[in-house]
Structure formats: C-alpha cells, structure tokens
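1. Just a sequence and a predicted model for now, questions to come.
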Amino acid sequence: MPTLWSQTLIPTARQVPAEAEVPSHQLLLRAGYIHKLGSGIYDYLPLGVRSLHKVMAIIRDEMAAAGAVEVFMPTLQPVELWEQTGRRTAYGDNLFVVRDRHSREQALGPTHEEVITTLVGAYVESYKQLPLTLYQIQTKFRDEFRPRFGILRSREFQMKDAYSFHLALDGPGGLDETYRKQFDAYCRIFKRCGLPYEIVEAESGPIGGSASHEFMVPSPTGEDVILKSDQGNYAANVEKCEIGTRTYDLAFAPTGTLEDVHTPSCPGIDDVAAFFKKNLKTKLKPQNMLKTLVCRAGNLWLIAVVRGDHELNLAKLRVVCGMHEIDLAPDAEARDAGFTIGFVGPHVAVNRDDVLLVVDPDAAQGGFWVTGANKIDHHVKHFNWQRDVITARGQRLVRKLKAAWENKPGFDRASAMTGQRDWDPDQEILIADIRNAGDGDPSPQNDSGTLRATKGIEIGHVFKLGDKYTKALDVTVLDEGNQRKHPIMGCYGIGVNRILAAAIERDAGHDDHGIIWPASIAPYTVLITPIKYEGALRDTADQLAAQLEALPGIDVLIDDRDERAGVKFKDADLIGIPLRITIGDKALANGQVELKARTAQKADLVALADVPQHVMQLLKGL
RNA sequence: CGGGGUGUAGCGCAGCUUGGUUAGCGCGCUUGACUGGGGGUCAAGAGGUCGCAGGUUCGAAUCCUGUCACCCCGACCA
C-alpha cells in the first residue's frame, strides 16, 4: 500500500537546528528522519525507520548468502562476563553500567563477544558442529566521551555483529574461509547500499586479535584518518599504518655544546617553540625537537622518543616491545619516579637501570636538537645521541636492561619481532617505527610509494579474534582426536545507522536542496506529487501508486497535502526520494505525467501507460 | 575530566551590560479571505514555569550563589 503523506509523520523544517554541524546530521533533522531526545540519543521517525529497515534487509540477505544465521542476544549483560575477559577495564568508561534493584551491576552491551561465546559454549560440543557463524542486529550502547555528529557518533546505535567459530585457521571450515566470506559479503552489502567504500588494514583495538580490515566511506567529515599509498597497493588507518624503511644515524657529530635553556612554564612542544621565537629571537621548528614520552610497563620505565612534530603510536610501541601492558605513565607516578614531566629528555636514561629507550628513526638522527633538560623549566639545545646518551650510558647497562625486559612475564618475542625494529646491542638503543604515519611518509611496501592521508567514516570492521574469548571463558569443543580445543573466532561488525549518515555524507549524497539517497536505501523509491489531491489528479495518483507498488522493489509515497506546489517540491527535494512523479492538469489532459529523478535537472513528460516501464528503467541507474 | 559557550513559544533568535506595568521578532501552527507549478498575500488568533533551586530587592528574564541540561575545542573511540 502506498503511504499518504498526511497519514504519516514527516516533520520537515526550513531552519537548521543550531547544534548540527555536518550535512548528514542537519539533513536528517531537517528532513524529519530523526529527532534528538538527549545527547547522543535519537528517535527514528517513519522515514528514518524505513531507510534503516532497508539497510537491514540488505544485510540479512547477504548474511544468509554467506551462511550466517541470525540470533538475538540481550542488551543487558552480567558485568561479570566483562570482568572475566578483562574488558571491563579495557573498555573503561565507555562501558555503560547500570545497577538493578539488588544493586547488582549489569552492562549495556557495546558488543557481544562475551555473550555469543557463552552461548556457543553452552551448546556446541563437537567439531562436527563447526564452523558456525551467528549474527544479530541489535541496539548497542557506548557511553561515548563525546557524542557527536548526530547519528555518526551516538551513545545508542544499531549494529550488525556476526561471530564465527572454528577449530582451524586455514582449510575448509577454517577462520580464513569465513573471514573471506564475510569480507566479500561486506563488499556486496556496501555496494548494494550505494556507498563508495575503501578497505583499509586496521588495528583491532580493545577487541583484540590478529587481523583486521575496516570499510570506510571517504568523506571530509569522517573522524578516521586513512593513509593510502600513491602506488595504490596499500591502505591502512592511522592507528595501524606502518611506515616504510627509514634510515637513521646516531653517530652524527654534535652541532655544539649541550647547553641548558631556561624555559619557564613551557612543558609542551608548541610552548617551547613559541618561547624560542619570542624570548630568544630564534625560530625553532617542532621538527627540531625531540618529544620524550614516559611510558610504564610494570616495574620498568619506557622512554619513547619521537620527533616534535610526530605522534607516538602506543599500539606500535606495544608490538615493538612485545608487551601489551604498556601505557603512558600517569603524570603523578612518573614524577614520583623522578621524571620531570614536561621537561624530560632522552638522556634521563643515562644513569638509570630501569629505563629502556625506544626511538623512532626520524628522531634517531644527527643535527640540531632541542629537548627536555630533565630539570623543571629547562630544555637543552645541541642534544646529540652519540655523546649524550650512547657514550654516556655504556653497553653493560643496556645489555642488562635488555635481558630484564625480555625476561619479563608477558613478553611476547614473536609479537616483538613482527614490528619493524632494530635492537642492535652496539647501538644501545631500540630503534623502531613507533609513531603515527602521516601524509608524505614512505609506503611500507618500500616500492617508493608515498602515503597520502584522507578522512573516512568507518561503516564496517572485520577481525580475526583468535581464541581470546574462548580461552577467557573456557569454552572448548572436542576435535576429531577427542581432544578439548578452544575454538578460534572471527568477528564482523557493521554500523547500521552509520550507513545512513555515510550515504548522505558521500560526495553525491546531498546537494543544496536536500538528501540524495541511493535508491536501495531510500525510504520510498517513488514520490507522487499531485498538484492537487482531488478529482482526476487524485485518481491518477492512486492508480499509478497501486500500479507501481505491484512492481518488485518499489514503494510509493503520495504527497496528498493541501499545500502549494512550491512547498511540495521543496520538501520532495529535502527528503530525497529518488524518483518524483508530478501530476498536473495540463500534462494530464494529454494523458501524461512528469517523471523526474532527484538528481535530474528537468522532468520528462511520460504517457501514463509508460510510467512503470520508465520508472524501472530509471531506477536501474540509481 | 579540563577550557570556552548557550539555556527565553515547536524551530531560529532579540531583550540581560544600566532590574521597573500586558516579555518581543522571524519561521511554523489555528481560523478566514484572496491565491494556486519551486517554501504566496492580507487579516484575526492560539501558544511562555524566561532550564531548575535558593538569595539580594518594594520589584528579577535581567544582579549573586548553587545545580542540571545541551553545544564547541582538547581526550587514542563502532
């Protein structure tokens, strides 16, 4: 049945709510798709729900085709489950926790690894039942630090999450096979949703695991940074992106005598640069400074050094050091341990046997360096690696430290060796890629490609999880040899409402007049606009609507309101229905109506009898 | 959690500095007339605990204190 505009709720607005910054947020509000209830909480109005359902239908179709089976798991989850897997801490404040009447804590699930693993553990006993891929479409909760951009970063959102279980990585029924299937299904889903997307290598984050890809819609409003090689053979997000081989040289001759500079109240790179310019009349660029960050790993300290204009990447640091427990040290603790936070320099490691130095290649160079003096309110200039650290430190200290480090419980040599690193005992210092990649860096393919940075919206993410959850929750399955094994898992997520926002944010997703939907996820495919909903115009509208709805994949909205034509046209453009049929007296007298694509400049006159055929024809291209 | 800002009609805002009758404007809404193919015109209306609580004062939207909500910039996040 076609929908009558007057019978549904489409509260369009001429003015943009002040709080909306990005096009998708503004237009979804103005066009009456969503309504804000609180920070990061939205109602989905009839149009919004229809689009959401269309996306879900495509997802369900492709999940079925990929052999995944739908379940529905609870939003309310015992917080103990999260404690068992260690993710209560890992998620931290992002995890919504509510108390029930017995003041027991429950988590509002931001994802369902714990629950699905428990479920599978309850019923799957034999290798014969594997592989198994289950999925759901559920409301998820994240207590976002800062909800933003409307539906793009809300505290409550719809997610499709699939989980697969296997006993092996490769071979038939292995994780690789299902990962590939889901990966391919994602490509089809996003294509069918009309989204331009790119696939990038990603860090798996707090979910953990070994391999991971993100599906991104390129958009200047995206919150994620993607780096792509201009050779077209590598793409990754900024957390993951490796950097091609860079040379370094620690043995460079000093540029001058190490000299203290009084820099009162200048703890930051920018502060120091500004201070030099203002008070010393010297131009000091951030790339001539060394950023020295104090990290902690149990009872050892880790000094990470990157160039002043670069950013430390903790994930890389963890991999390079083979320790997952590395974090930036809280200021207070670092101060207690003798680090003058804000004024630390690499030579703080010289006389300490509890400090390991890890230096990014771009910081491991000769030349003029300014860095912290390890004294409050002081920096040094003419810092030199060879003179001020290597010679001063001596090899024995370093060897001892290295041994201490590698004997630490939790040290993962295999992981440490996968990172690009160089731990030559003669160099005394661990040199490794520990910073975020940026525009202009060499591609890790080392094929003389250069990385270029763009922004994107993450709409999908696939991971290989391994046995993290089955181990933590002790879920086992009997294999062919009657041995208990922890199955390995894959995990595959899609942000359903983000697809709507991304469809609008994409290049062709909107213009000055409103939304331009891909036909597959528009709330209606056809909008019929009789100039007046009376007499012959009304009859024609009703008949056409009935005819069109009988066709596959077509649903119709009739603008039956007693509004001026101009109002109807403006609203039509705003809500973005792909096809509009305008019925007016003059054309109808000739047995014709006007057919116009949302994207077309002008309407075509089409004979009534030919409308269905023309509609089908036009839709193919939308 | 830091820094900044805003709460006045459904939406967008003015009024607040320098307290003073019935708190305004635009859009939207209701009724009527004229109109009728890209947000029309005129007329008459409805609609407000001025975020909340306390204080100062003869008198508070306006000054003070507290509190809540929301937004923006930082925070390594689907």
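-> Nice, thanks for sending it over. Everything quoted here is computed from the prediction, not taken from an experiment.

2. Pull the residues that contact the longest helix along chain A.
-> With secondary structure taken from DSSP state H, chain A has its longest helix at helix A:46-65. When contacts are defined by C-beta atoms under 8 Å, 6 or more residues apart in numbering, helix A:46-65 is touched by residues A:8-10, A:28, A:31-34, A:44, A:70, A:135, A:137, A:158, A:160, A:162, A:185, A:188-189, A:192-193, A:494, A:496-497, A:499-500, A:517, A:520-524, A:575. Bear in mind the C-beta positions are built from the backbone N, C-alpha and C, glycine included.

3. who's in contact with the closest residue to A:I376 other than its chain neighbours?
-> Leaving out its chain neighbours, the residue that sits closest to A:I376 by C-beta to C-beta, 6 or more residues apart in numbering is A:T340, at 5.3 Å. By C-beta under 8 Å, 6+ apart, A:T340 lies in contact with A:G372, A:N374, A:K375, A:I376.

4. Apply 7 Å and report the result again.
-> By C-beta atoms under 7 Å, 6 or more residues apart in numbering, A:T340 lies in contact with A:N374, A:K375, A:I376.

5. Which helix or strand contains the residue nearest to the spatial centre of chain A?
-> Residue closest to the mean C-alpha point of chain A, counted by C-alpha atoms, centre = their mean, is A:E458 at 4.2 Å. Using DSSP states H and E, A:E458 sits in strand A:451-466.

6. Can you list the neighbours in contact with the host helix or strand of A:H213?
-> Secondary structure assignment for A:H213, by DSSP H and E: strand A:211-218. If you take C-beta under 7 Å, 6+ apart as the criterion, strand A:211-218 is touched by A:183, A:186, A:190, A:195-204, A:224, A:226, A:237, A:454, A:456-464, A:502, A:505-506.

7. Just checking: what are the partner strands of it?
-> Looking at strand A:211-218 with DSSP bridges, its partner strands are strand A:198-201 (antiparallel), strand A:451-466 (antiparallel).

8. can you put those strands in a markdown table and add mean pLDDT and distance to RNA strand B?
-> Putting those into a markdown table (pLDDT from 0 to 100; distance: least, C-beta to the nearest atom of the strand, whole Å) gives the following:
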| stretch | mean pLDDT | distance to RNA strand B |
| --- | --- | --- |
| strand A:198-201 | 92 | 11 |
| strand A:451-466 | 92 | 4 |
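
9. any chance of the ones you listed in a markdown table, with distance to A:Q445 too?
-> Formatted as a markdown table, the strands paired with strand A:211-218 follow (distance: least, C-beta to C-beta, whole Å):
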| stretch | distance to A:Q445 |
| --- | --- |
| strand A:198-201 | 12 |
| strand A:451-466 | 10 |
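
10. Give me whichever of those is most buried.
-> strand A:451-466 (a mean of 22; mean count of other C-beta atoms under 10 Å).

11. Go ahead and confirm A:I429 touches A:L356.
-> No - using C-beta atoms under 7 Å, A:I429 is not in contact with A:L356, being 9.0 Å away.

12. the more surrounded of these two?
-> A:I429 (24 against 21; other C-beta atoms under 10 Å).

13. per-residue confidence for the residue lying closest to A:Y33 once chain neighbours are set aside?
-> Distance criterion C-beta to C-beta, 6+ apart; nearest residue to A:Y33, sequence neighbours excluded, is A:G48 at 3.7 Å. With respect to pLDDT, A:G48 scores 96.

14. how many other residues sit next to A:G48?
-> 21.

15. so how far is A:V389 from it?
-> Separation of A:G48 from A:V389 (C-beta to C-beta, to the nearest Å) stands at 59 Å.

16. which residue sits closest to A:H513, ignoring its sequence neighbours?
-> Excluding its sequence neighbours, the residue lying closest to A:H513 (C-beta to C-beta, 6+ apart) is A:D573, at 3.7 Å.

17. Does that neighbour touch A:I515 like I think?
-> No - assessed by C-beta under 7 Å, A:D573 is found out of contact with A:I515, at 8.5 Å.

18. Comparing these two, which shows the higher neighbour count?
-> Ranked by neighbour count (other C-beta under 10 Å), A:D573 and A:I515 place A:I515 first, with 27 against 18.

19. residue contacts, the more buried one?
-> Contacts of A:I515 (C-beta under 7 Å, 6+ apart): A:L27, A:A31, A:I504, A:L574, A:I575, A:G576.

20. how does it look with 10 Å?
-> Neighbouring residues of A:I515 by C-beta atoms under 10 Å, 6 or more residues apart in numbering: A:23-24, A:27-28, A:30-31, A:33, A:47, A:51, A:500, A:503-504, A:509, A:522-523, A:573-577, A:598.

21. Give me the subset of the residues you listed that also touch RNA strand B.
-> A:D573, A:L574 (C-beta under 7 Å from any atom of the strand).

22. and A:N288, how many neighbours does it have?
-> 18.

23. Backbone dihedrals for the spatially closest residue to A:E311 that is not a sequence neighbour, please?
-> Leaving aside its sequence neighbours, A:E311 sits nearest to A:N436 (C-beta to C-beta, 6+ apart; 4.5 Å). The phi and psi values for A:N436, taken as degrees, to the nearest 10, are phi -70, psi 140.

24. A:N436: neighbouring residues, count only.
-> 21.

25. okay but it is in contact with A:L317, surely?
-> No - using C-beta atoms under 10 Å, A:N436 is not in contact with A:L317; the gap is 11.2 Å.

26. joint contacts of these two?
-> Common neighbours of A:N436 and A:L317 (C-beta under 10 Å, 6+ apart) are A:V306.

27. so how far is A:K54 from the residue nearest to A:Y33?
-> 11 Å.

28. mind listing what's buried in stretch A:547-559?
-> A:Q547, A:L548, A:L551, A:I554, A:D555, A:V556, A:L557, A:I558, A:D559 (16 or more other C-beta atoms under 10 Å).

29. Give me the subset of those lying in strands.
-> Taking DSSP state E, the ones among the buried residues of stretch A:547-559 that sit in strands are A:V556, A:L557, A:I558.

30. Now tabulate those in a markdown table and tack on pLDDT and distance to A:D270.
-> Converted to a markdown table, these look like this (pLDDT from 0 to 100; distance: C-beta to C-beta, whole Å):
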| residue | pLDDT | distance to A:D270 |
| --- | --- | --- |
| A:V556 | 98 | 58 |
| A:L557 | 98 | 54 |
| A:I558 | 98 | 59 |
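
31. Same list (these) but as CSV, adding distance to A:L328.
-> As requested, these are arranged in CSV below (distance: C-beta to C-beta, whole Å):
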residue, distance to A:L328
A:V556, 57
A:L557, 53
A:I558, 59
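
32. where do the contact lists of A:D573 and A:I515 overlap?
-> A:A31, A:R598.

33. Provide the strand pairings for the host helix or strand of A:L357, with the direction of each partner.
-> Element membership for A:L357 (DSSP H and E) is strand A:355-359. Sheet partners assigned to strand A:355-359 using DSSP bridges are listed as strand A:300-307 (parallel), strand A:430-432 (parallel).

34. Go through those and name the closest to A:L605.
-> Nearest of the strands paired with strand A:355-359 to A:L605, taken as C-beta to C-beta: strand A:300-307 at 65.2 Å.

35. sorry, back to before: and the gap between the residue nearest to A:I376 and A:I499?
-> A:T340 is 49 Å from A:I499, where distance means C-beta to C-beta.
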